[in-house]
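J.: sequence first, then the predicted structure, then my questions.
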Amino acid sequence: NTITKRMTMGHKYFVTKEEGYPSINKSKKYESILKKRSESIQNEMIKEEEFIIKPKLPSKRTGWLGGNKSANYNDLELISNYLNHLFSSPALMKTSFIYDELQFPNDLSVLLRSLASNHLDAWYAKANQRCIRDPSKLNRWVNGDEYEFHTVYIVRRPLNDQSLRLFNFNHWALKFEGSKQLMTTEFFAYNEEHGIVKTQILPNTRIGRRVFWYWWQKDPYDDKQKPQYFTDKWVNMEMIYLGKISVECIGRLICKWLTIHSNAKYSVTNNNCQHYVRDLTTILDMKIARKLNGLMDHRVVAAAIPAAALADGMSEEARANEIYDELKKTMQEYQDELSRRHTQTESMDEQAQFAANFAAIAAELGLNDNDDIKEESENEESNDNYNQFDMNNVNHSNSMVMGPTPSHSLMSRSSNNANYNNYGNNEHNDNILIENDEEENLNMNMNYQQDSK
């Protein structure tokens, strides 16, 4: 008992709270969320929670008159489950003292520590994957229901700056849960000209859920920060069930928010991560957005002066209403575009259905494309033969009607002209022309007989 108790001292290797993931049991739309999440994912999350939360040490069995009883089968099973729970923490299994306490052989301890290190490296690799810094890129993620979300969580965590933790200031973010994907979007300071929106999309798997809820990017220049063991959890403030919202729609809302006034520029007091979360929440649930106005950190400073607190509350309310009006127009434009896409898709589906029906009828009749092609080629070949035969007949008929070829006619005409010139002054010109015509006809008949042969 002393050895196993030492293993779980502190809270850096396990989650100290009773709840591993945000519970949906108290939600009014529990059945709808469970249906969207699917029972398989819900069962996996329940099983994961058993090994995320800090285990309880089994109590000793005592006798009637005091003293300890020997352990039975049930006691050994409880201890076995407890040790199994301890070994589920890669951060704990990466340490060396646990193997020394349990007197494990050196080879086995080296093997288990290397496996634990590989497990942590897989978590870090998933957590440190590159974020999307340009929200306009989210508009291109149009892949059906794979990148659609059904639940939004408004979460907070302590600031990385240790000096500001004394005031209990927190960083806010929006987390979207889908049946296949998980997404986190945050707003940070970047330079004096503008801030930066970071969006991270992870698959809804065991490792993805652990990174999604138990990790955030630390400040690399802060040496006082403790190492991350994926046991520090985001605190869930509010949960909104949407039914369905796509990555493309979220990207358009973010891009529109950046263009309103000077929202692209980060300001510690007037436009920070909390304003970013509250403004985007207005289009999702205005009632919760108004509730967030009273939880913002800058209200703590303004509360020192009652008049300033009242003015600040009125300005935040006016800003929320203005942001809502602008984002509502963007949402309406997006819905109209979806309607146009749906209409185009239906028309294309009708054409595809018509083609499929035609192909089915052709298949029933025993026709296919190869038969059509073969039939068309045969028709073309027969047409070519018919045209060739027809041209031969035309040439033959022309030869019969027109007589000899033009070359023979020209030769006979030249001979006629010669005879006419030699005897142009003779008084018997008429007789000579008659004789020449008869000779010409005789020559034409002879040429025709030769052409016919």
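T.: Arrived safely.

J.: so which other helices or strands are in contact with the top helix by length along the chain?
T.: With secondary structure taken from DSSP state H, the chain has its longest helix at helix 306-364. The contact analysis (3 or more CB pairs under 8 Å, 6 or more residues apart in numbering; DSSP states H and E) places helix 306-364 against helix 247-259, helix 273-284, helix 286-293, helix 298-302. C-beta here means a position set from N, CA and C on the backbone, and glycine is covered the same way.

J.: next, Glu192: phi, psi?
T.: Dihedral angles of Glu192 (phi, psi; degrees, to the nearest 10) stand at phi -70, psi -20.

J.: gap between Glu322 and Ser315?
T.: As judged by CB to CB, to the nearest Å, Glu322 and Ser315 stand 11 Å apart.

J.: what's the neighbour count on Asp75?
T.: 15 (other CB atoms under 10 Å).

J.: immediately after the strand or helix carrying it, which helix or strand?
T.: Taking DSSP states H and E as the criterion, Asp75 maps to helix 73-86. Remark: after helix 73-86, the chain's next helix or strand is helix 90-93, criterion DSSP H and E.

J.: other SSEs contacting that following helix?
T.: Where contact means 3+ CB pairs under 8 Å, 6+ apart, helix 90-93 is packed against helix 106-127.

J.: what's the helix or strand following the helix it packs on in contact with?
T.: Sequence-wise, the next helix or strand downstream of helix 106-127 (DSSP H and E) is strand 148-158. Applying CB atoms under 8 Å, 6 or more residues apart in numbering, the contact partners of strand 148-158 are 22, 24, 33, 36-37, 165, 170-179, 181, 183, 216, 232, 234-247, 277, 281, 284, 288, 292.

J.: can you tell me which of those end up in strands?
T.: Among the contacts of strand 148-158, the members falling in strands (DSSP state E) are 170-177, 181, 183, 235-246.

J.: buried members of those into ChimeraX, please.
T.: Buried members of these, defined by 16 or more other CB atoms under 10 Å, are picked up in ChimeraX with:
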select :170,171,172,173,174,175,176,177,181,183,236,237,238,239,240,241,245,246
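
J.: convert the helix holding Asp75 to CSV, retaining C-alpha atoms only.
T.: In CSV, the C-alpha atoms belonging to helix 73-86 read as follows (Å, rounded to 0.1, in the frame of the first residue of the first chain):
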residue,chain,number,x,y,z
TYR,A,73,-9.2,-13.1,-4.9
ASN,A,74,-11.3,-10.0,-4.9
ASP,A,75,-8.6,-8.0,-3.2
LEU,A,76,-6.0,-9.2,-5.7
GLU,A,77,-8.4,-8.2,-8.5
LEU,A,78,-8.8,-4.7,-7.1
ILE,A,79,-5.0,-4.3,-6.8
SER,A,80,-4.5,-5.6,-10.3
ASN,A,81,-7.0,-3.1,-11.7
TYR,A,82,-5.2,-0.4,-9.7
LEU,A,83,-1.9,-1.3,-11.2
ASN,A,84,-3.4,-1.5,-14.7
HIS,A,85,-4.7,2.1,-14.1
LEU,A,86,-1.3,3.3,-13.1
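
J.: report the buried residues of it.
T.: 82, 85-86.

J.: just these now: which is nearest Leu202?
T.: His85 (25.3 Å; CB to CB).

J.: winner for burial among the helices and strands packed on helix 306-364?
T.: helix 273-284 (a mean of 23; mean count of other CB atoms under 10 Å).

J.: pLDDT on that helix, on average?
T.: Averaging pLDDT along helix 273-284 yields 96.

J.: helices and strands around it, which ones?
T.: Identification of packing neighbours for helix 273-284 by 3+ CB pairs under 8 Å, 6+ apart yields strand 148-158, strand 170-177, strand 181-189, strand 235-246, helix 247-259, helix 286-293, helix 306-364.

J.: out of those, nearest to Arg209?
T.: Here strand 181-189 is closest among the helices and strands packed on helix 273-284 (CB to CB), at 7.0 Å.

J.: send me that closest one as CSV with only the CA atoms.
T.: What follows is strand 181-189, C-alpha atoms only, in CSV (Å, rounded to 0.1, in the frame of the first residue of the first chain):
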residue,chain,number,x,y,z
GLN,A,181,-13.5,15.7,-36.6
LEU,A,182,-12.7,18.0,-33.7
MET,A,183,-11.8,21.7,-34.2
THR,A,184,-10.4,24.4,-31.9
THR,A,185,-10.3,28.1,-32.9
GLU,A,186,-8.5,30.9,-30.9
PHE,A,187,-7.4,34.5,-31.2
PHE,A,188,-3.9,35.6,-30.2
ALA,A,189,-1.8,38.7,-30.2
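
J.: of the buried residues of helix 73-86, closest to Arg210?
T.: Using CB to CB, these come closest to Arg210 at His85, 15.7 Å.

J.: show me the contacts for that closest one.
T.: Taking CB under 8 Å, 6+ apart, one finds 50-51, 55 in contact with His85.

J.: filter these to the buried ones?
T.: Looks like those have 51, 55 buried, using 16+ other CB under 10 Å.

J.: filter the contacts of His85 down to the ones in helices?
T.: 50-51.

J.: can you tell me the closest non-neighbouring residue to Pro135?
T.: Leaving aside its chain neighbours, Pro135 sits nearest to Ile254 (4.0 Å; criterion: CB to CB, 6 or more residues apart in numbering).

J.: hmm, Leu138 and that neighbour touching each other?
T.: Yes - using CB atoms under 8 Å, Ile254 makes contact with Leu138 at a distance of 7.2 Å.

J.: overlap in contacts of those two?
T.: Common neighbours of Ile254 and Leu138 (CB under 8 Å, 6+ apart) are Thr199.

J.: A strand includes Glu193, no?
T.: No - assignment of Glu193 by DSSP: H, G, I helix; E, B strand; the rest coil gives coil, placing it outside any strand.

J.: and Tyr268, backbone torsions?
T.: Wrong residue type there; residue 268 is Val, not Tyr. phi -60, psi -40.

J.: helices and strands of the protein: which one bottoms out on pLDDT?
T.: helix 406-422 (a mean of 41; mean pLDDT, DSSP states H and E).

J.: returning to what we had before: give me the angle between the longest helix of the chain and helix 273-284.
T.: Between helix 306-364 and helix 273-284, the angle comes out at 50 degrees (axes from the mean of the first three to the mean of the last three CA atoms, to 10 degrees).

J.: any chance of the helices and strands packed on helix 273-284 in CSV, with distance to Leu78 too?
T.: Formatted as CSV, those follow (distance: least, CB to CB, whole Å):
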stretch, distance to Leu78
strand 148-158, 35
strand 170-177, 34
strand 181-189, 34
strand 235-246, 32
helix 247-259, 46
helix 286-293, 43
helix 306-364, 53
